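Novice: here's my sequence, what's the structure:
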Amino acid sequence: MNHRIRSAVVPAAAALVAGAVLAGCSSSGTGSSAVSSAAAAVQSKASELASAANSAISGAASAANSAVGGAASAASSALASAEAAASSAVGKVQGGLDATSDVSLGTPVTGSDGKLDVPVTVVNHDSQARKYTIQVDFKDSSGNRLDVTVLTVPQVAPGATAQATAKSNRDLSGNVKVSVAAALRY
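Specialist: Modelled structure (predicted):
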């Protein structure tokens with residue numbers, strides 16, 4: 001039962017009680033006992049209705065809190081999974097050299113699928129063609145990691161520039177900042 005219903009039930013019950021009391025005042029002594037009983041019954045029913053309304057509201061609040069907690073747990077689990085996958089992908093690179101300075105990120109935009117797309121530019125400063133494995137972190141304004149993804153850019157010719165897109169694993173909203181957490185050239 002919502003707040004609007006409870007707001008209507010309590011005044012209605014009060015009006016019934018007041019009417020019963022007024023009726024009892026104008027009747028003879030024999031009817032006042034019946035009126036008092038009726039007033040007590042109305043008051044009892046109003047109390048039951050108010051209690052039921054409070055229970056329904058409390059139950060709805062509890063369900064809402066559980067849903068929020070479940071969503072937070074799912075988001076945390078998704079982040080842990082993405083972090084494990086990123087760590088594994090970067091860890092598989094053999095003989096890679098730090099190439100963070102070869103990589104720059106553009107402004108994230110929300111794609112049609114609701115996930116963030118981040119333009120990635122790679123400039124190969126080496127004298128040989130190289131592949132790149134790049135880890136991109138998605139963080140909130142407080143620096144908390146929201147998501148992480150890894151992408152591989154195939155052979156980039158010496159002195160050449162390549163374009164790629166890093167995509168978040170899930171929908172992200174708000175002020176999301178992106179950064180290159182790792183970039184390996186091999």
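Novice: show me the shaky parts of this structure.
Specialist: Within the chain, the segments meeting pLDDT under 70 span 1-76.
Novice: tell me where it has strands.
Specialist: 97-98, 103-105, 109-110, 115-123, 130-139, 145-156, 161-171, 177-185 (DSSP state E).
Novice: relative to strand 145-156, how tilted is the fourth one?
Specialist: If you take axes from the mean of the first three to the mean of the last three C-alpha atoms, to 10 degrees, strand 115-123 sits at 40 degrees to strand 145-156.
Novice: how about strand 115-123: buried residues?
Specialist: Residues 115-118, 120, 122 are the ones in strand 115-123 that count as buried (16 or more other C-beta atoms under 10 Å). For the C-beta atoms, the positions are set from N, CA and C on the backbone; glycine is no exception.
Novice: measure stretch 95-103 end to end?
Specialist: 18 Å (C-alpha to C-alpha, to the nearest Å).
Novice: same deal with stretch 137-145?
Specialist: This stretch, stretch 137-145, spans 7 Å end to end (C-alpha to C-alpha).
Novice: quick revisit: quick one, which of the strands of the chain gets closest to Ala84.
Specialist: Proximity to Ala84 (C-beta to C-beta) singles out strand 145-156 among the strands of the chain, at 9.6 Å.
Novice: dump the residue contacts of the closest residue to Ala182 other than its chain neighbours.
Specialist: Distances taken as C-beta to C-beta, 6 or more residues apart in numbering place Gln135 nearest to Ala182, at 4.2 Å, with adjacent residues excluded. Neighbouring residues of Gln135 by C-beta atoms under 8 Å, 6 or more residues apart in numbering: 86, 89-90, 148-150, 180-183.
Novice: would you point out the most distant pair within the residues you listed?
Specialist: Ala89 and Val180 (14.3 Å).
Novice: where's His125 relative to Pro158, distance?
Specialist: Look at His125 and Pro158: by C-beta to C-beta, to the nearest Å, they are 8 Å apart.
Novice: same check on Lys115?
Specialist: Noted for Lys115: a distance of 33 Å to Pro158, by C-beta to C-beta.
Novice: before we move on, what about Gly106?
Specialist: Per C-beta to C-beta, Gly106 is found 23 Å from Pro158.
Novice: between these two, which one's more packed in?
Specialist: Shown here are Gly106 and Pro158; by other C-beta atoms under 10 Å, Gly106 has more neighbours (14 against 11).
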